[in-house]
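K.L.:
here's my sequence, what's the structure:
(one chain, ligands or ions: 1)
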Amino acid sequence: MQIHDTISGVRTALKAAGRVVFVPTMGNLHEGHIALMRQARQHGDCVVASIFVNRLQFRPGEDFEKYPRTMLADCDKLREAGVDHLFAPDETELYPAPQRYVVEPPAEHANILEGEFRPGHFRGVATVVMKLFGIVSPQAALFGKKDFQQFMVLSSMVREFGLPIDVIPGPTVRAADGLALSSRNGFLSAAERAEAPRLYRVLAKVIEQVRAGATDFARLEHEAMDELRAHHWAPDYIALRKQIDLQSPSAHDTGLVVLAAARLGSTRLIDNLEV
Ligand code: PAF
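P.N.:
Here you go, the predicted model:
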């Protein structure tokens, strides 16, 4: 695996690389990321990963500073997964000056759900991904569906800008007890880790009821949040939405997803399940 920390270096290396498949990450890689790398291999000739903890998508007081940086272990995992190139710039390479030009996703995509609780988050994500796309020039890019709203925002961005990039979803990878793999799981204490799969179970129960014909979505959402609260979680939201645009469904809509964000102790976890 070739490692590049400059924009010119990665551009030169990828000049004759054939069909480039790109998997952007913020590092601290787990099995979910590695599954994306392996999936990427099926979509092109050259798999490129990036590691960059993007300050623009964190608000002051969020976990930018304590976001785990584990470069050496990450490189070993990427090599083992057969990744061809890693682009791992530092902040001065990617943002040599304040980033004044940004991608502003529409409010109906960016200010709901995660965006309501993390204002500006999707502007930061869309801006860095657009910048990375301009550097790596991939023909395809993979993003995990655990960040369902991020996937929707980025695939909409690619479509509306007419970028010649296939945006491919990667399935959520879960631990045996159902907990979705996430870099943030490492912040959980042993007791919190034992409690954490409840988030998945609560979502699975909502899905089960929708499949059985329940259409009182607000009631399902409230019951699910109450169950979490009863076990000392602080939910930000549990919401049934349409997969296509994450807007609220009517009773006859199909193709739904239930999304959740909730804090357990000081760790904020997100998850979702499609109906
Ligand atoms: O999902 C992530 O790890 C990040 O949001 C991404 C897409 C790499 C942009 O910084």
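K.L.:
how about the residues of the stretch 1-150 of the chain that lie near the ligand?
P.N.:
Listed as neighbours of the ligand in the stretch 1-150 of the chain under the rule C-beta under 6 Å from any ligand atom: 24-26, 54, 57, 125, 128-129, 147, 150. (Each C-beta comes from the backbone N, C-alpha and C, glycine too.)
K.L.:
now with 5 Å?
P.N.:
24, 26, 54, 125, 128 (C-beta under 5 Å from any ligand atom).
K.L.:
in helices, which of these fall?
P.N.:
If you go by DSSP state H, these have 125, 128 in helices.
K.L.:
compare the residues of the stretch 1-150 of the chain next to the ligand and tell me which has the most neighbours.
P.N.:
When those are compared by neighbour count (other C-beta atoms under 10 Å), Val125 ends up highest, at 26 neighbours.
K.L.:
quick check: end-to-end length of stretch 21-41?
P.N.:
The first and last residues of stretch 21-41 sit 8 Å apart, counting by C-alpha to C-alpha, to the nearest Å.
K.L.:
equivalent analysis for stretch 233-249, please.
P.N.:
Stretch 233-249 end-to-end distance (C-alpha to C-alpha) = 26 Å.
K.L.:
tell me which residues in it are buried?
P.N.:
Under the neighbour-count criterion of 16 or more other C-beta atoms under 10 Å, stretch 233-249 has 233, 235-241, 243, 246, 249 buried.
K.L.:
quick one: mean pLDDT for it?
P.N.:
Mean per-residue pLDDT for stretch 233-249: 97.
K.L.:
residues contacting that stretch, please?
P.N.:
108-109, 112-113, 116-117, 148-149, 152, 198-199, 202-203, 206, 210, 217, 220-221, 224-225, 228-229, 253, 255-264, 268, 274 (C-beta atoms under 8 Å, 6 or more residues apart in numbering).
K.L.:
type out the ChimeraX command that picks the buried ones from those.
P.N.:
In ChimeraX syntax, the buried subset of these is picked out as below (16+ other C-beta under 10 Å):
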select :109,112,113,148,149,152,198,199,202,203,206,210,217,220,221,224,225,228,253,256,257,258,259,260,261,262,264,268
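K.L.:
which of the contacts of stretch 233-249 fall within helices?
P.N.:
Using DSSP H, the contacts of stretch 233-249 in helices are 108-109, 116-117, 148-149, 152, 198-199, 202-203, 206, 210, 217, 220-221, 224-225, 228-229.
K.L.:
could you list every residue that touches the closest residue in space to Thr267 that isn't next to it in sequence?
P.N.:
Counting by C-beta to C-beta, 6 or more residues apart in numbering, Phe187 is the residue found nearest to Thr267 once chain neighbours are left out, at 4.4 Å. By C-beta under 8 Å, 6+ apart, the contact list for Phe187 reads 63, 266-267.
K.L.:
go again with 10 Å.
P.N.:
63, 66-68, 193, 264-269 (C-beta atoms under 10 Å, 6 or more residues apart in numbering).
K.L.:
now do it, the pLDDT please.
P.N.:
95.
K.L.:
likewise the one 3 residues further on?
P.N.:
Reading off the per-residue confidence, Ala190 sits at a pLDDT of 98.
K.L.:
neighbours of it, how many?
P.N.:
Neighbour tally, Ala190, other C-beta under 10 Å: 7.
K.L.:
quick check: it vs Gly265, distance?
P.N.:
If you measure Ala190 against Gly265 using C-beta to C-beta, to the nearest Å, the figure is 12 Å.
K.L.:
just Asn54 next, same as before
P.N.:
Where Gly265 is concerned, Asn54 sits at a distance of 25 Å (C-beta to C-beta).
K.L.:
can you name the residue of the stretch 151-275 of the chain nearest the ligand?
P.N.:
Leu154 (7.2 Å; C-beta to the nearest ligand atom).
K.L.:
wait, what's in contact with that residue?
P.N.:
Counted by C-beta under 10 Å, 6+ apart, Leu154 has contacts 24, 103, 105, 122, 125-126, 129-130, 133, 141, 143, 147, 165, 167.
K.L.:
and which of the residues you listed is nearest to His43?
P.N.:
Ala141 (9.4 Å; C-beta to C-beta).
K.L.:
if anything else comes up later, I'll come back, but that's it for now.
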